[in-house]
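# please find the sequence and the predicted model below.
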Amino acid sequence: MIISISGPDTYRSREKLYSIQELGIQKQAKQEVFDFTEIVLPDTPEIVLSRLKQSLNTSSLFTEKRLLIIRGLASLPKALYTTIKKSLSILKDNADIIVLFYDTVSILKTHPLTKTLDQVKAKNTEYTFLSEPKVIAYIHQMSLDQGIDIKRDGIIYLISYQKAQYTLAQEKSDNRSKSKANAFQIDLYAIELLLNTLYNYYKNKPITVEMLKVILPQEQSYSIFSLAESIYARNYGKYIATLNFLQKQGIEGIKVYGLLLSQIKTALIIKMSQESQKQYIDYIKGHPYILKITAQNIQSWNSKDLKKIYLNLIQGDYEIKFEGKDSYEKLKSIVLQMNM
């Protein structure tokens with residue numbers, strides 16, 4: 001049997017790898033691992049490929065069950081694929097031998113390894129990241145496997161918590177790349193550790209959101225992007241709490257100030273367009289969904305009050321840059337001016 005497991009969702013692919021290894025143990029198969037991800041000198045990829053070829057050529061006088069695991073082959077330089085092809089050319093489907101190719105990247109159809117895997121009739125499974133509805137179901141099954149039961153609202157809370165952590169990390173590192181490689185993905189490894197903690201803490205009790213809040217600190221829900229939302233909702237207590245949290249996390253005040261100024265400017269343009277019965281998309285660029293949410297959040301505001309906030313921010317920006325004022329202190333003073 002020849003199997004290829006690949007894809008960026010390493011949690012699920014790892015589980016599949018472990019299940020195949022467990023099957024090999026049950027069948028008392030001799031296991032060999034050829035790992036191209038952790039080659040240490042004096043070994044080289046060519047030397048490991050030579051060992052792999054020798055192993056594939058090895059035959060026994062007796063029937064012997066074997067499990068050969070080949071890790072990271074797809075990540076090797078393309079210059080080596082002539083050698084790889086020669087090493088794998090002798091690979092044949094054999095009921096007593098399982099050959100498992102394991103890669104933590106997606107293997108493109110144009111990749112040289114793809115043609116080789118097709119030629120040896122490998123059973124291919126690619127583990128891409130699950131959509132949110134599917135990951136909810138998957139986490140629920142994970143919890144049942146751990147001996148606990150988390151309902152849907154609890155799982156959604158876990159996902160929201162991880163999203164907040166991810167957003168905070170992006171803000172702190174100033175990495176706002178919108179490429180797919182940097183997009184948020186649920187961390188199933190962290191979920192697994194959390195489920196183990198929940199089981200040890202609560203045993204067989206059904207897990208509620210309130211129980212999760214005991215384990216997970218709620219302050220993680222604070223984000224730079226919630227500052228403007230707090231203002232729109234006139235929730236000035238949350239606004240100050242968010243600023244205190246961001247400052248405690250060491251996030252640069254200038255960056256926070258600049259983002260809030262930009263958000264309030266956008267809100268002002270939207271409100272002025274609405275009051276003039278015009279389409280705000282004709283005057284401002286941005287993601288349509290974000291602009292729509294902003295428009296909904298400022299329904300109870302008028303352009304006069306938003307303009308007052310904006311002008312106060314402009315004045316504060318000058319004082320920070322040219323008078324040495326503290327960014328966080330100026331941000332906190334904004335809500336005091338709103339209440340005057």
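Sure, I can see it.

# what pLDDT is listed against residue 220?
Confidence at residue 220, expressed as pLDDT, is 50.

# then the one 10 residues further on?
At residue 230 the predicted local confidence, pLDDT, stands at 89.

# excluding its backbone neighbours, what's nearest it?
Excluding its sequence neighbours, the residue lying closest to residue 230 (Cβ to Cβ, 6 or more residues apart in numbering) is residue 239, at 3.9 Å. Every residue, glycine included, has its C-beta placed from N, CA and C.

# and that neighbour, its phi and psi?
phi -60, psi -50 (degrees, to the nearest 10).

# OK, contacts around it?
227, 230-231, 335 (Cβ atoms under 8 Å, 6 or more residues apart in numbering).

# nearest to residue 315, of the residues you listed?
Distance to residue 315 across the contacts of residue 239 (Cβ to Cβ) is lowest for residue 335, with 15.0 Å.

# what separates the closest one from residue 318, distance-wise?
19 Å (Cβ to Cβ, to the nearest Å).

# those two: which is more packed in?
residue 335 (18 against 11; other Cβ atoms under 10 Å).

# make sure that one is indeed in a helix.
Yes - checked against DSSP: H, G, I helix; E, B strand; the rest coil, residue 335 lies within a helix.

# for the spatially most central residue of the chain, give me its contacts.
By Cα atoms, centre = their mean, the chain has its centre lying nearest to residue 185, at 2.6 Å. Each residue near residue 185 by Cβ under 8 Å, 6+ apart is listed here: 9, 129.

# okay, it: pLDDT?
89.

# which stretch of helix or strand covers it?
For residue 185, there is no enclosing helix or strand under DSSP states H and E.

# so how far is residue 127 from it?
Going from residue 185 to residue 127 by Cβ to Cβ gives 12 Å.

# what is in contact with these two at once?
residue 9.

# what about the closest residue to residue 294 other than its chain neighbours, neighbour count?
Leaving aside its sequence neighbours, residue 294 sits nearest to residue 267 (Cβ to Cβ, 6+ apart; 5.6 Å). Using other Cβ under 10 Å, residue 267 is surrounded by 25 other residues.

# which residues in the chain form strands?
With strands called from DSSP state E, the chain shows them at 2-6, 30-35, 66-71, 97-102, 123-126.

# pull the distance from the shortest one to the chain's centre.
Shown here is strand 123-126, whose average C-alpha point lies 23 Å from the average C-alpha point of the whole chain (Cα atoms, centre = their mean, to the nearest Å).

# next one: the third one
Remark: strand 66-71 is offset 29 Å from the chain centroid, using Cα atoms, centre = their mean.

# relative orientation of it and strand 30-35 in degrees?
10 degrees (axes from the mean of the first three to the mean of the last three Cα atoms, to 10 degrees).

# strand 66-71 - what's its average pLDDT?
pLDDT averaged over strand 66-71 gives 92.

# note down every partner strand of that strand and its orientation.
Strand 66-71 pairs in its sheet with strand 30-35 (parallel), strand 97-102 (parallel), by DSSP bridges.

# tilt between it and strand 2-6?
Relative orientation of strand 66-71 versus strand 2-6 (the same axes, to 10 degrees): 30 degrees.

# give me the below-cutoff pLDDT ranges for this structure.
Applying pLDDT under 70 to the chain flags the ranges 59-63, 171-182, 217-222, 337-340.

# switch the cut-off to 50
In the predicted model, the chain carries pLDDT under 50 at residues 177-180.

# all helices for it, in order.
In the chain, the segments counted as helices under DSSP state H are 10-26, 45-57, 81-88, 112-119, 132-145, 152-173, 188-202, 209-215, 226-232, 236-248, 253-275, 288-297, 303-323, 327-338.

# what number of residues lie near residue 3?
18.

# please read the previous query as pertaining to residue 43.
By other Cβ under 10 Å, neighbour count at residue 43 equals 12.

# tell me the spacing between it and residue 36.
Residue 43 sits 10 Å away from residue 36, going by Cβ to Cβ.

# what sits up against stretch 72-84?
With Cβ under 8 Å, 6+ apart as the test, stretch 72-84 has contacts from 6, 35-37, 45-46, 49, 101-105, 107, 111-113, 116.

# and if we set it to 10 Å?
Counting by Cβ atoms under 10 Å, 6 or more residues apart in numbering, stretch 72-84 makes contact with 4, 6, 34-39, 44-46, 48-50, 52-53, 70, 87-88, 101-108, 111-117, all of which sit outside it.

# what comes up buried for that stretch?
Across stretch 72-84, burial judged by 16 or more other Cβ atoms under 10 Å covers 72-74, 76, 80-81, 84.

# ends of it, what's the gap?
Using Cα to Cα, to the nearest Å, the end-to-end distance of stretch 72-84 comes out at 12 Å.

# contacts for stretch 48-61?
30, 32, 34-36, 39, 43-44, 64, 66, 68, 70, 72-73, 76, 80, 83-84, 86-92, 94, 96-97, 99.

# buried ones among those residues?
34, 36, 39, 66, 68, 70, 72-73, 76, 80, 84, 87-88, 91, 97, 99.

# need the contact list for residue 107.
Contact partners of residue 107, counting by Cβ under 10 Å, 6+ apart, are 4, 6-7, 73-75, 101, 113-114, 117, 124, 126.
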